[in-house]
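> any chance you could fold what I've pasted below:
(4 chains)
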2 protein chains.
Amino acid sequence: MADESTVLDLSQLRRSCSSCALSDLCLPAGIGGDDLEKLDMAIRDKRMLDRGGALYRDGDPFHALYVVRSGSLKTFVQDDTGAMQILGFHLPGDIVGFDALATDRHVSQAEALERSSICELPYDRLQQVTSEVPALHRQLMRVVSREVVEEHRHTVVMGRQQAQEQLAIFLKSLSDRYQRLQRDGSMLTLSMSRYDIANYLGLVVETVSRLFSRLEEMGVLEVNRKAVTIRRPDLLAELCRSSSTSPSRQRDNG
Amino acid sequence: MADESTVLDLSQLRRSCSSCALSDLCLPAGIGGDDLEKLDMAIRDKRMLDRGGALYRDGDPFHALYVVRSGSLKTFVQDDTGAMQILGFHLPGDIVGFDALATDRHVSQAEALERSSICELPYDRLQQVTSEVPALHRQLMRVVSREVVEEHRHTVVMGRQQAQEQLAIFLKSLSDRYQRLQRDGSMLTLSMSRYDIANYLGLVVETVSRLFSRLEEMGVLEVNRKAVTIRRPDLLAELCRSSSTSPSRQRDNG
DNA sequence: GGCTCGACTTGATCCAGGTCAATCAGGCAG
DNA sequence: CTGCCTGATTGACCTGGATCAAGTCGAGCC
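Residues are numbered from 1 along each chain as shown, chains lettered A, B, ... in the order given. Next up is the predicted model:
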């Protein structure tokens, strides 16, 4: 697919939503030309994060939302004993930081899974623009609603009883997100570790590792460390629906 | 605690946030007197729902957010096979319906767990007020952020390996919410069924039933059908933290 | 009262996935 | 190159919770 932008482009892209390939998927979606310029004004220079670099930590004061421009992030919470629960993986176009709006402090953490470029949206500037551009308010609510819906999806996956089904859904969903980004949905590059995947799904690493092997044996996947090729998308989709006889998930019985 | 309001009060409360005991916990929090009146204008007459009554269904067009005034709701999604996953239980002051903002259609369902009274906030009116009252925009974002944080909490609980810990956290959190509502946090009335609790936690009903019995044997709870008394809050809190050596939840290991 | 029905509890059994442990494959410093 | 370290895989085993199967309890209804 499209390689890194040339060096010349980079400087131009620095603060321009209109020239960004992600604009349809990102905050500017549905925002018109003039208003888009105003939005551009609210965006601070991009930030680069190396693998493992923290975008924000639990307890940090809230001052901005962040858009993944390239690379990927994970968000997670850690309890007092240091036990971690991964909340999500974030690809280009995803916006993170909404957790802090309620209390003006972040109550989760965001960390780069690989070298990543991030657009920073200082919230005070964003609010300024929002008051001038009503459409942006609506769009902001839409985006945070998307976040809520995404959390619901995660909940549904974790509620599943069959680990294989969980992993299948995880891979399928990643594949779908790749396609929305115009990438080849059958060639995944898992920037997160097996530990991260296991944690995200509520499993242990060994189980995830075994499942990758099993799916490879079944001919569904070809697994080579972080490079996963989906050989049989049809089978994968099938596995997402299989064993839907999962317990306690019968019809609504108020 | 406080019984039903008298008949006389009811008519007055009908559309007045300022006289509502929940106003601190609800949308009006932090909104000043004059602005509060404007907000009141945006609130349609309350709706009553009987047990099992639907507030909205999957696919319904979005036109309002809803606040629980009394009673309780559950929200859930159902897949094509009818399998249900409960997303949350909602007590007075909670706002539901944010799932629909992204797509202008509800992608989950809300149903009353008992006879409940609901404030309806038509979104077009709300947007009207929002444009006049900047503080409301901020407050709306705050509230939806609270929703995101609440989903995170749910994710963390589901990620736990020990079922007993999950149930303990569930009960503790319910107790905390009772206290925020000025109710006795040690006397819970579980308006949801055991099936609902099991589903919410990703367990089966038998396991939940056994856990209630076990916690009763341990002297932590006194269980009488839907009435649950927390006899030893200290022990309950302990159980929420115990077995924190849960797998795949070790320290962050990029 | 006696009947039915649905929510809940309890017991017996089984197995998916967690636990423990050994091994392997890359990446990197020296 | 060697040694080390971390991530990933694989095997052997064991247990917590799912499954299956009987009850029990209370509410509603005739």
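
> touching DNA strand D at all, the strand or helix carrying residue A:199?
Using DSSP states H and E, residue A:199 falls within helix A:194-201. Yes - using Cβ under 7 Å from any atom of the strand, helix A:194-201 comes into contact with DNA strand D via A:194, A:195. Every C-beta, even on glycine, is put in place using the N, C-alpha and C of the backbone.

> and for stretch A:165-181?
No - Stretch A:165-181 stays clear of DNA strand D (Cβ under 7 Å from any atom of the strand), getting no nearer than 11.1 Å.

> with just CA atoms, put that stretch into PDB.
Extracted C-alpha coordinates of stretch A:165-181, given in PDB (Å, rounded to 0.1, in the frame of the first residue of the first chain):
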ATOM      1  CA  GLU A 165     -14.400 -17.700  19.000                       C
ATOM      2  CA  GLN A 166     -13.000 -14.800  20.900                       C
ATOM      3  CA  LEU A 167      -9.700 -14.900  19.000                       C
ATOM      4  CA  ALA A 168     -11.500 -15.300  15.700                       C
ATOM      5  CA  ILE A 169     -13.700 -12.300  16.400                       C
ATOM      6  CA  PHE A 170     -10.600 -10.300  17.400                       C
ATOM      7  CA  LEU A 171      -8.800 -11.100  14.200                       C
ATOM      8  CA  LYS A 172     -11.900 -10.500  12.100                       C
ATOM      9  CA  SER A 173     -12.400  -7.100  13.600                       C
ATOM     10  CA  LEU A 174      -8.800  -6.200  13.100                       C
ATOM     11  CA  SER A 175      -9.100  -7.300   9.500                       C
ATOM     12  CA  ASP A 176     -12.200  -5.200   9.000                       C
ATOM     13  CA  ARG A 177     -10.500  -2.200  10.500                       C
ATOM     14  CA  TYR A 178      -7.600  -2.700   8.100                       C
ATOM     15  CA  GLN A 179      -9.900  -2.600   5.200                       C
ATOM     16  CA  ARG A 180     -11.600   0.600   6.400                       C
ATOM     17  CA  LEU A 181      -8.000   2.000   6.300                       C
END
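
> now do the strands in chain A.
With strands called from DSSP state E, chain A shows them at A:44-49, A:54-56, A:64-70, A:73-78, A:84-90, A:95-96, A:109-112, A:116-122, A:187-189, A:221-224, A:227-230.

> buried set for the second one?
So that's strand A:54-56. Neighbour-count burial for strand A:54-56, counted by 16 or more other Cβ atoms under 10 Å in any protein chain shown, picks out A:55, A:56.

> show me the contact partners of it.
If you take Cβ atoms under 8 Å, 6 or more residues apart in numbering or on different chains as the criterion, strand A:54-56 is touched by A:47, A:49, A:66, A:73, A:96-97, A:100, A:106, A:109-112, A:118.

> 7 Å instead?
With contacts defined as Cβ atoms under 7 Å, 6 or more residues apart in numbering or on different chains, strand A:54-56 is touched by A:49, A:66, A:73, A:97, A:106, A:109, A:110, A:111, A:118.

> rewinding a little: strand A:84-90 and the helix holding residue A:199, what's the angle between them?
Orientation check (axes from the mean of the first three to the mean of the last three Cα atoms, to 10 degrees): helix A:194-201 against strand A:84-90 gives 90 degrees.

> now helix A:194-201 and strand A:73-78, what's the angle there?
Angle of helix A:194-201 versus strand A:73-78, following the same axes, to 10 degrees, is 70 degrees.

> any idea how far helix A:194-201 is from the chain center?
With Cα atoms, centre = their mean, to the nearest Å as the basis, helix A:194-201 stands 14 Å off its chain's centre.

> what about it and chain B, touching?
Yes - on the criterion Cβ under 7 Å from any Cβ of the partner chain, helix A:194-201 is in touch with chain B at A:195, A:198, A:199.

> convert that helix to CSV, retaining C-alpha atoms only.
C-alpha atoms of helix A:194-201 as CSV (Å, rounded to 0.1, in the frame of the first residue of the first chain):
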residue,chain,number,x,y,z
ARG,A,194,0.6,-12.2,22.5
TYR,A,195,0.4,-11.2,26.2
ASP,A,196,-1.5,-8.1,25.1
ILE,A,197,-4.0,-10.1,23.0
ALA,A,198,-4.5,-12.6,25.8
ASN,A,199,-5.1,-9.8,28.4
TYR,A,200,-7.4,-8.0,26.0
LEU,A,201,-9.6,-11.1,25.7
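
> of the contacts of strand A:54-56, closest to DNA strand D?
Taking Cβ to the nearest atom of the strand as the measure, DNA strand D lies nearest residue A:111 of the contacts of strand A:54-56, at 12.6 Å.
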